[in-house]
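Asks: prediction below, plus the sequence it came from.
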Amino acid sequence: MIIVSQDKSKITQRLEFYIQQNFSTDEGLQYEIRSVGGGSFGGYKTEERAKEVTQEIIDRYANWENLKMGQPEGICSPKYEMPEE
């Protein structure tokens, strides 16, 4: 599965993400979803929204893996584009 950053400048196939709180941002985006070794993939105003997006990635990946095993469920796309706020 491929994950595309909000600004469409980065892609990754790694699923090692974490949420980092930022204390000074120009856009008011307080929480970033960052890929281990790959930088920021998206920013959100609340930690709750960042966690929702992280869960969407997990769900999409699980659905894609299920499709490959012949058990499709939910949205089975090999690509996830990080949503805007």
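Replies: All right, it came through fine. What you are looking at is a predicted structure, and each value in this text was computed from that prediction instead of being measured.
Asks: strands of this protein, residue ranges please.
Replies: 2-4, 11-12, 17-21, 31-35, 39-44, 79-81 (DSSP state E).
Asks: now the angle between strand 31-35 and the third one, please.
Replies: Looking back up the chat, that one is strand 17-21. Counting by axes from the mean of the first three to the mean of the last three CA atoms, to 10 degrees, strand 17-21 lies at 150 degrees to strand 31-35.
Asks: strand 17-21 - contacts with which helices or strands?
Replies: strand 31-35, helix 47-68 (3 or more CB pairs under 8 Å, 6 or more residues apart in numbering; DSSP states H and E). Every C-beta, even on glycine, is put in place using the N, C-alpha and C of the backbone.
Asks: if you set the cut-off to 10 Å instead, what comes out?
Replies: The contact analysis (3 or more CB pairs under 10 Å, 6 or more residues apart in numbering; DSSP states H and E) places strand 17-21 against strand 31-35, strand 39-44, helix 47-68.
Asks: TSV for these, including mean pLDDT, mean neighbour count and distance to Asn22?
Replies: As requested, the helices and strands packed on strand 17-21 are exported to TSV (pLDDT from 0 to 100; neighbours: other CB atoms under 10 Å; distance: least, CB to CB, whole Å):
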stretch	mean pLDDT	mean neighbour count	distance to Asn22
strand 31-35	93	20	6
strand 39-44	92	20	8
helix 47-68	90	15	11
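Asks: as JSON lines, those with distance to Lys8 would be great.
Replies: Listed next are these as JSON lines, based on distance: least, CB to CB, whole Å:
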{"stretch": "strand 31-35", "distance to Lys8": "15"}
{"stretch": "strand 39-44", "distance to Lys8": "11"}
{"stretch": "helix 47-68", "distance to Lys8": "16"}
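Asks: quick check: which of these is nearest to Gln20?
Replies: strand 31-35 (5.0 Å; CB to CB).
Asks: look up how far Lys68 lies from the nearest residue to Pro78 once chain neighbours are set aside.
Replies: Excluding the flanking residues, the one nearest Pro78 by CB to CB, 6 or more residues apart in numbering is Met1, at 5.4 Å. For Met1, the distance to Lys68 (CB to CB, to the nearest Å) stands at 10 Å.
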